[in-house]
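> got a structure for you, letters missing:
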């Protein structure tokens, strides 16, 4: 799906993992803030982008497996070829491994988690940064997790990647801070996404168990993560760089 070229000249943003949940909420918020927004997912989120266009916002869908280095390179080239620049990027695509103790996670499960959750962010950052260096400006936000600053049982591969994203974010921020590129991370807590809703529907006691450990006393909303990401991408956060912003209802400090 493509939009008309009258969108050229607008600020341009890209959001991966934009088909649902946090990624979709962030893409919607960024588009409604005036960016020409590219919604990226492994299954092209055409309907999601079309809905934004019908509401009068700039949006386009693009299919990409972020674990595929060449596919990511081609994606950034496509975005720049069509819209001329890339002002903001939210690297949000990720998967979770099955919940079980570390020694029971298979090599295939570990490798796939690292390929998407860590290498996928690495791939996107690399080509986003190359373009932003040409422009002399840009903002990148990577999705880590409350699990990026804590440990959670049964999620060793996922948690390892989320810790690594914070380290990657901080180091890259230092590398490019003087070149006009800001790089931050957002660390969501337990958010009421469609996936969480499905789990709660199948296990009604789960929400009570989850909320018990959240001082705020509730699950977060996707829109609350979107607000944080939009702020980190905006000029209002112009001196915020290399930061991992926790949006978790105080879970990680409890």
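The structure has been received and is ready for your questions. The shown structure was predicted, so the numbers you read here are calculated from the model rather than taken from an experiment. Numbering: from 1, shown residues only.

> Contacts only, for residue 100.
residue 154 (Cβ atoms under 8 Å, 6 or more residues apart in numbering). For every residue, glycine as well, the C-beta is placed using N, CA and C.

> what helix or strand is it on?
Assigned by DSSP states H and E, residue 100 belongs to neither a helix nor a strand.

> Quick check: residue 174 touching residue 242?
Yes - if you go by Cβ atoms under 8 Å, residue 174 and residue 242 touch, sitting 6.4 Å apart.

> Which one's more surrounded, these two?
Higher neighbour count among residue 174 and residue 242: residue 242, with 18 against 11, using other Cβ atoms under 10 Å.

> any idea what the more buried one is structurally, helix, strand or coil?
coil (DSSP: H, G, I helix; E, B strand; the rest coil).

> ok, for it, nearest residue in space, not its chain neighbours?
In space, and not counting its chain neighbours, residue 242 is closest to residue 173: 3.2 Å by Cβ to Cβ, 6 or more residues apart in numbering.

> Tell me who's in contact with the one you found.
By Cβ under 8 Å, 6+ apart, the residues touching residue 173 are 182, 183, 184, 241, 242.

> To which secondary structure element type does it belong?
Put simply, residue 173 is helix when judged by three-state DSSP.

> so what pLDDT did it get?
We have a pLDDT of 98 for residue 173.

> Ok, the one 4 residues further on next?
For residue 177, the pLDDT comes out at 98.

> same thing with residue 5?
Value for residue 5, per-residue pLDDT: 43.

> Same question for residue 198.
At residue 198, pLDDT is 77.

> Pretty sure it sits in a helix.
Yes - judged by three-state DSSP, residue 198 forms part of a helix.

> Can you say which helix or strand has residue 139 in it?
strand 138-143.

> give me phi/psi at residue 59?
phi -150, psi 150 (degrees, to the nearest 10).

> Surely it is in contact with residue 40?
No - Residue 59 is beyond contact range of residue 40, at 11.3 Å (criterion: Cβ under 8 Å).

> more crowded one of these two?
More crowded of residue 59 and residue 40, by other Cβ under 10 Å: residue 40, with 32 against 29.

> Please compute how far the least confident helix or strand in the chain by mean pLDDT lies from its chain's middle.
Least confident helix or strand of the chain, by mean pLDDT, DSSP states H and E, is helix 194-202 with a mean of 79. Centroid separation for helix 194-202 versus its chain: 21 Å, with Cα atoms, centre = their mean, to the nearest Å.

> Mind listing the residues bridging to residue 182?
For residue 182, the beta-bridge partners are residue 139 (DSSP bridges).

> What are the boundaries of the strands in the stretch 51-200 of the chain?
59-63, 88-91, 138-143, 181-188 (DSSP state E, counting those that start in this stretch).

> looking only at pLDDT, what's the mean for the longest one?
It stands for strand 181-188. According to the model, strand 181-188 has a mean pLDDT of 98.

> Next: the third one.
For strand 138-143, the per-residue pLDDT values average out at 98.

> my guess is residue 114 meets residue 157, correct?
Yes - if you go by Cβ under 8 Å, residue 114 and residue 157 touch, sitting 6.9 Å apart.

> Those two: which has the busier surroundings?
Taking neighbours as other Cβ under 10 Å, residue 114 and residue 157 compare with residue 157 leading, 22 against 19.

> Would you check how far apart the more buried one and residue 73 are?
Separation of residue 157 from residue 73 (Cβ to Cβ, to the nearest Å): 26 Å.

> for residue 22, same thing?
25 Å.

> Compare neighbour counts for the two and give me the winner.
residue 22 (28 against 15).
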